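# The sequence and its predicted three-dimensional model are supplied below.
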Amino acid sequence: MDYKIIELNIEDMKKYAGIPISFTVETILVPVQIDKGVGGISFVEQAVSPYIKNYEEFGSGAENWHKRFDTSNWVRFAVIDKKGSFIGGATVAYKTDNVNMLEGRDDISVLWDLRVHPDHRGKGIGKSLISRVADWSKSKGCVMVKIETQNINSNACKFYSAMGCRLGGIKMHEYKEEGLESEVMLFWYLDL
């Protein structure tokens, strides 16, 4: 392994935020309702004209999360290479009153953010981070990790599935107000 994973303090979040989170969308997972949804939903992977999706454009602002939320129960991990450069990271939310994804429960955590520098993707860094997130969540007594992504992030969906996560929630029109009608919110669950 040419990198190490460390736990970060809030003061280091500016370096963490400098890790690019954008990706190229080349395919989307189109939801197909069976019998108007009564028979379930399947997904068909469909090629699209490539475009760049950058979550930072939508106010992610990793270095400012502590200003919007009580992050005292959160953990932040950074992946650092041999040169000391930040090449990946993960943030986990836990026991935070105003984080709706936690559903008011103390036995789940939320993978708030996962990022790997584009030059280092596909090298096992994401897998190492998920393992660290799972271990940390277990140590807090959590029974699952909840993860949100979208149907336009096919690679993330395939990754979470390969990591043992199960798709447990779909919100078809959640991003309409942001002008992103074609995006579908997907919730993945990693049972611990």
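Yep, it's here. Numbering: from 1, shown residues only.

# Would you mind writing the CA trace of the helix or strand harbouring Ala134 as CSV?
Assigned by DSSP states H and E, Ala134 falls within helix 125-139. The C-alpha trace of helix 125-139 is given here as CSV (Å, rounded to 0.1, in the frame of the first residue of the first chain):
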residue,chain,number,x,y,z
ILE,A,125,-8.5,3.5,-2.0
GLY,A,126,-12.3,3.7,-2.0
LYS,A,127,-12.5,0.1,-0.8
SER,A,128,-10.0,0.8,2.0
LEU,A,129,-12.1,3.9,3.1
ILE,A,130,-15.3,1.9,3.1
SER,A,131,-13.6,-0.7,5.3
ARG,A,132,-12.4,2.0,7.7
VAL,A,133,-15.9,3.7,7.7
ALA,A,134,-17.5,0.3,8.5
ASP,A,135,-15.0,-0.4,11.4
TRP,A,136,-15.5,3.0,12.9
SER,A,137,-19.3,2.7,12.6
LYS,A,138,-19.3,-0.7,14.3
SER,A,139,-17.2,0.7,17.1
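
# Show me what counts as buried in that helix.
Under the neighbour-count criterion of 16 or more other CB atoms under 10 Å, helix 125-139 has Ile125, Gly126, Ser128, Leu129, Ile130, Arg132, Val133, Ala134, Trp136, Ser137 buried. No exception for glycine: its C-beta is placed from N, CA and C like everyone else's.

# what does stretch 37-55 give?
Phe43, Lys53, Tyr55.

# Kindly report the same for stretch 162-181.
Result for stretch 162-181 [16+ other CB under 10 Å]: buried residues Met163, Cys165, Leu167, Tyr175, Leu180.
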